[in-house]
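Peer 1: Sharing a model prediction with you, sequence too.
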Amino acid sequence: MDGNYKHPVDEKKVRFKRSTVAGSKRNNVIWILTVTAVSFIISAILTIVSSNVLEDAAIFVSFLVIFLIILINIIFDIIGTAVTAADETPFHAMASRKLYGAKQSIRLIRNADKVSNVCNDVVGDICGIISGAAGAYIIFRIIGRHESISWAELAITGMITALTVGGKAFGKTIAIRNSNYIIYKVSVIIKFVTDKFFFIIRKRKSKK
């Protein structure tokens with residue numbers, strides 16, 4: 001046996017402490033159930049929307065819809081990767097100077113597991129399924145019902161796969177190199193949207 005795999009002299013087993021980062025078991029169960037329900041709702045909505053758009057759309061428009069879905073997939077994959085690679089430390093200094101969006105950046109990084117789960121898994125898998133279904137719909141419109149595999153089927157499925165995988169690979173490189181910058185820009189957008197949302201709510205309540 002290789003020396004690297006020998007047991008210690010005292011034959012004591014090495015035990016690792018359970019990580020506390022993941023949170024309590026109850027919170028994890030609630031999160032899993034919430035993500036599952038949200039995934040089902042989002043998938044249903046996007047499937048209905050994409051089907052209605054593709055039903056009477058031209059082939060060119062159908063390809064644009066697929067490219068848009070793939071682009072959304074890549075963008076959210078970049079965010080999900082960046083949040084796991086980002087460093088929380090510089091954002092504390094930014095928050096102390098009350099820079100716009102700094103506090104949101106800290107929240108995102110502290111919940112990196114959930115953010116990456118939503119961006120990489122939920123949105124990513126849903127977009128992958130819908131883009132594949134949209135590609136199959138285009139193939140059906142081009143070649144109709146044929147049992148044998150045609151050049152159109154190979155070309156379209158290959159294009160969707162190549163763009164998705166290649167785009168994500170390229171996006172991960174960008175995300176890791178510019179993780180803090182990406183998370184800050186996302187936080188600024190989140191801050192802007194939430195501020196506008198609550199401003200509209202307060203305005204409506206004041207009118208009542």
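Peer 2: On my side now, so go ahead.

Peer 1: The residue sitting nearest the centre point of the chain in helix, strand or coil?
Peer 2: The chain has residue 119 as the residue nearest its centroid, 1.8 Å off, counting by Cα atoms, centre = their mean. Here residue 119 is helix, with the state taken from DSSP: H, G, I helix; E, B strand; the rest coil.

Peer 1: In which helix or strand does the nearest residue to it once chain neighbours are set aside reside?
Peer 2: Excluding its sequence neighbours, the residue lying closest to residue 119 (Cβ to Cβ, 6 or more residues apart in numbering) is residue 80, at 3.1 Å. Every C-beta, even on glycine, is put in place using the N, C-alpha and C of the backbone. Assessed by DSSP states H and E, residue 80 sits inside helix 59-85.

Peer 1: elements contacting that helix?
Peer 2: Helices and strands touching helix 59-85, by 3 or more Cβ pairs under 8 Å, 6 or more residues apart in numbering; DSSP states H and E, are helix 25-55, helix 112-116, helix 124-143, helix 151-177, helix 179-207.

Peer 1: Give me the next element, helix or strand, following it.
Peer 2: Criterion used, DSSP H and E; the element after helix 59-85 is helix 89-96.

Peer 1: List the buried residues of that next one.
Peer 2: Within helix 89-96, the residues scored as buried using 16 or more other Cβ atoms under 10 Å are 91, 94.

Peer 1: which residues make contact with it from outside it?
Peer 2: For helix 89-96, contacts defined as Cβ atoms under 8 Å, 6 or more residues apart in numbering pick out 102-103, 105-106, 109, 180, 184.

Peer 1: Going by neighbour count, which of those comes out on top?
Peer 2: Neighbour counts for the contacts of helix 89-96 (other Cβ atoms under 10 Å) peak at residue 105, which has 27 neighbours.

Peer 1: If anything else comes up later, I'll come back, but that's it for now.
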